[in-house]
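# following is a predicted model, sequence given first.
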Amino acid sequence: MENSSPRKRTIPHNLFIAINRSHALIHGIALAFLVYYRASFFFQDPQTRATPSLPWLLLFLSELSLCFVWLIGLPFRWRPTNRAVLAEELPRDDDLPPLDVFIFTADPNSEPTVDVMNTVVSAMALDYPAEKFHVYLSDDAGASVTLHGMREAWKFARSWLPFCRKYGVKTRCPKAYFSAANNDEQNHYSWSPEFIEERDKIKEKYEMFRESILYYKEYDDDHLGSRSGSNSRDHQAKIEVIQECPKTTVQKEEAHEMPLLVYVSREKRPAHSHHFKAGAINVLLRVSGVISNSPYILGLDCDMYSNDPTSAKQAMRFHLDPKISPSLAFVIFPQKFHNISKHDIYDSAPRFFYEVGFLYQSVVEDFLTGFTLHCKGWKSIFLNPARPQFLGTITTNLNEGLIQTTRWISGSVEVGISKFCPLIYGPLKMSLLQSMCYAELSLYPPFWCLSSWCIATIPQLCLLYGIPLYPEVSSSFFLVFLFVFISSLSRQLYEVLVTGGSIRIMINAHRAWMMKTVTCHFYGSLDAIMKKFGLREASFLPTNKVEDDEHVKRYQKGIFDFQIATMFLAPLVTIVILNMASLFAGIIRIIISGNWDKMFAQVFLSFYILVISYPILEGMVLRKDRGQIRSSVTLRSAILCMIFLSLGPVILLY
């Protein structure tokens, strides 16, 4: 390989660096004054304090927690960078090493087989020498419909791959290509009769391919399901190289232009631990080691289809660079999704960790694997081209989204409370800044959760009893709190805007953050702690990616769907009811006593929480559709709120 191109190296965003570091400095000074104000309370004479110690201490601890999370999150913004590979820098086919593509699926009922096969076909259509790469699908369910889908995918790919190569198609997932929303494939072939004729034939073959899978799935469910003798946790191993016997010379030549396609289903028994996705990866490594034994692997989830055929070559450009390849463990692309709504009401786009900035390197989804590799001295590359290289599917169902987030939180916190805690294990193995990045990912859930619960309840309880917890409006320290509040929102708005978002998306992101911190972060952290002490076994349920038309319509219109589990909904409604009660009672108290100067901050806090929680208020009071909040949940939440208020005198006694 020739010398590394300047465009391929790290390119820091100097403007973003200046903005981020300046903000960090100013915001940090303000936080220091805030901490001073809170701490000075405990040096006052207990006889002259106007506020009980316990509420003040709880609020102080919550603010310290937020300061800690802010501090360990600074490295992500310290040196934002960008990497790009120009078309002329892509390796030549002769220079490319063999490559194995690993795709993972776990349940055809949650992960529709048609969508999984679209990912398989898009992987087979990568711009890579066919004789040098091989596609493996791990089917953890051992489902016959998945094996049938693989056979049908091979047949369809024999027509799809030549079509893509001939006309330079970039979107090589057939479902996405034929989607009405796909309009980026207009090229000089688009208006030729030959192109239109071939495209229509391919579309017809795709519909036949799709209908074949759907028909088999329906037949399998109706006639074979009860007699199959196999399920996702109890089935034999099966390995099959998918191919047809070419009959003619032309068919033999076509077969040579197809990558090897392999179906793998490992043996699973209920009495034995199968280690979820990690176990599936280990099996694919053993199988591929016998069949192809490629030195490089591209890993994909079953819904993460290829959106740019050059993605593997772009990653390989770094692996083939002699200056960095000896220590390069992996190249990672950002996780992006094709079905996010215009206003992203559930904050599904992972903007912060992927878009705003990285060091070091990067953090992979398989958290502990990436962390241990970095601790052993390996490096990684984060590559974020203008065109998304892979596009996945996010759930449009709020309940499934909260369950998925809870699972992610649980896995992250497990690392944070283990012997691999990044703040303890990391600094001895890697740079302090990189350790802080991993620490932020593994430790923020419990700190955010406790802080959010305290800030959403303690000031409100004190407002009902007329106890001030914030400085008076006339105090200079009030300006400190106001600045921290505005500064935090401004940073979030800035990060949303620079990643192509809008003010409305920022509001939705803030709303979703508040909802998730008091639900997903709490349950995920609790789940991790219970597993740590052996009170709960590890479990994994794949996110349901089957789209419900009613859910999709509400999601695309920006309407929250509150058909979610009570365990998620009840805490949210309880907090809203508490803030409603404290706001009205606080306003009445201010009118009667005239102490608006002392209580304004707490009144404003309750008002702000209610504004951000407007979709919940709307679901409780105004909406009458199926997505409304059930009256039974509202009643239970009101009872929980009254129980909490009855504990007020006990909390305020100290």
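Perfect, thanks for sending it.
# A helix includes Ala50, no?
No: Ala50: not assigned to a helix; according to DSSP: H, G, I helix; E, B strand; the rest coil it is coil.
# which residue is the nearest non-sequential neighbour of Glu414?
Distances taken as Cβ to Cβ, 6 or more residues apart in numbering place Ala528 nearest to Glu414, at 4.6 Å, with adjacent residues excluded. Quick note: C-beta positions are derived from backbone N, CA and C, even for glycine.
# quick check: that neighbour touching Arg407?
No: the pair Ala528 / Arg407 is not scored as a contact, 10.5 Å apart, by Cβ atoms under 8 Å.
# select the helix or strand of this structure having the lowest average pLDDT value.
Least confident helix or strand of the chain, by mean pLDDT, DSSP states H and E, is helix 249-256 with a mean of 56.
# tally of neighbours for Leu635?
Neighbours of Leu635 under the rule other Cβ atoms under 10 Å: 11.
# equivalent analysis for Phe447, please.
22.
# for the residue nearest to it when sequence neighbours are not counted, which residues are in contact?
Of all residues not flanking Phe447 in the chain, Ser65 sits nearest, at 4.1 Å (Cβ to Cβ, 6+ apart). By Cβ atoms under 8 Å, 6 or more residues apart in numbering, the contact set of Ser65 is Phe447, Trp448, Leu450, Ser451.
# Ser212 should be in a strand, yeah?
No: counting by three-state DSSP, Ser212 falls outside a strand, being helix.
# go ahead and confirm it touches Ala153.
No: taking contacts as Cβ under 8 Å, Ser212 lies outside contact range of Ala153: 10.2 Å.
# who's more crowded, those two?
Taking neighbours as other Cβ under 10 Å, Ser212 and Ala153 compare with Ala153 leading, 28 against 17.
# buried residues in the longest helix along the chain?
Of all the segments assigned as helix in the chain under DSSP state H, the longest by residue count is helix 432-464. For helix 432-464, the neighbour count (16 or more other Cβ atoms under 10 Å) marks 433-464 as buried.
# show the subsequent helix or strand relative to that helix.
Once helix 432-464 ends, the next helix or strand along the chain (criterion: DSSP states H and E) is helix 476-498.
# avg pLDDT for that following helix?
Averaged across helix 476-498, pLDDT comes to 94.
# okay, and the residue lying closest to Phe163 once chain neighbours are set aside sits in which element?
Spatially, and ignoring its direct neighbours in sequence, Phe163 is nearest to Ile202 (5.2 Å; Cβ to Cβ, 6+ apart). In this assignment (DSSP H and E), Ile202 forms part of helix 193-219.
# who are the packing partners of that helix?
Applying 3 or more Cβ pairs under 8 Å, 6 or more residues apart in numbering; DSSP states H and E, one finds that helix 193-219 makes contact with helix 113-124, helix 144-167, helix 174-177.
# can you give me how far the last one is from the chain middle?
Read that as helix 174-177. Relative to its parent chain, helix 174-177 has a centroid offset of 23 Å by Cα atoms, centre = their mean, to the nearest Å.
# contact partners of that helix?
Residues contacting helix 174-177 (Cβ under 8 Å, 6+ apart): 114-115, 118, 121-122, 156, 160, 169, 171, 182, 185, 202, 206, 209, 305, 307, 338, 391.
# just the strands in the chain please.
Using DSSP state E, the strands of the chain run over residues 11-12, 81-82, 99-105, 133-139, 238-242, 260-265, 296-301, 305-306, 328-332, 336-337, 379-382, 390-392.
# for the fifth one, buried residues please.
Just to be clear, that refers to strand 238-242. Under the neighbour-count criterion of 16+ other Cβ under 10 Å, strand 238-242 has Ile242 buried.
# how far does it sit from the chain's center?
Centroid separation for strand 238-242 versus its chain: 32 Å, with Cα atoms, centre = their mean.
# cool, the second one as well?
Counting by Cα atoms, centre = their mean, strand 81-82 is centred 21 Å from the centre of its parent chain.
# so what strands line up beside that strand?
strand 11-12 (antiparallel) (DSSP bridges).
# how confident was the prediction at Thr248?
Thr248 is assigned 58 on the pLDDT scale.
# equivalent analysis for the one 10 residues further on, please.
On pLDDT, Met258 comes in at 92.
# burial check on it, number of neighbours?
Residues contacting Met258 under the criterion other Cβ under 10 Å number 19.
# got it, and the one 5 residues further on?
By the other Cβ under 10 Å criterion, the neighbourhood of Tyr263 contains 23 residues.
# same thing with Ile591?
Quick note: Ile591 (other Cβ under 10 Å) scores 9 neighbours.
# before we move on, what about Phe483?
Phe483 has 18 neighbours, counted by other Cβ under 10 Å.
# pretty sure it contacts Ala30?
Yes: counting by Cβ under 8 Å, Ala30 is a contact partner of Phe483 at 5.1 Å.
# which non-adjacent residue is nearest Ile409?
Closest to Ile409 by Cβ to Cβ, 6+ apart is Gly524, at 2.7 Å.
# residue contacts, that neighbour?
Thr405, Thr406, Arg407, Trp408, Ile409, Ser410, Ser412, Val413, Pro445.
# same question, Gly558
Contacts of Gly558 by Cβ under 8 Å, 6+ apart are Ser341, Lys342, His343, Ile345.
# who wins for most neighbours among those residues?
Of all the contacts of Gly558, Ile345 has the most neighbours under the rule other Cβ under 10 Å, reaching 26 neighbours.
# what about that one, distance to Asp561?
9 Å (Cβ to Cβ, to the nearest Å).
# overlap of the contact sets of the two?
Tyr555.
# so where is the stretch 501-650 of the chain shaky, pLDDT-wise?
Along the stretch 501-650 of the chain, segments meeting pLDDT under 70 span 538-547.
# rerun that using 80 as the cut-off
535-549, 650 (pLDDT under 80).
# tally of neighbours for the nearest residue to Cys454 once chain neighbours are set aside?
Excluding the flanking residues, the one nearest Cys454 by Cβ to Cβ, 6+ apart is Ser62, at 3.7 Å. For Ser62, the count of nearby residues is 20 (other Cβ under 10 Å).
# got it, and Gly149?
Neighbours of Gly149 using other Cβ under 10 Å come to 31.
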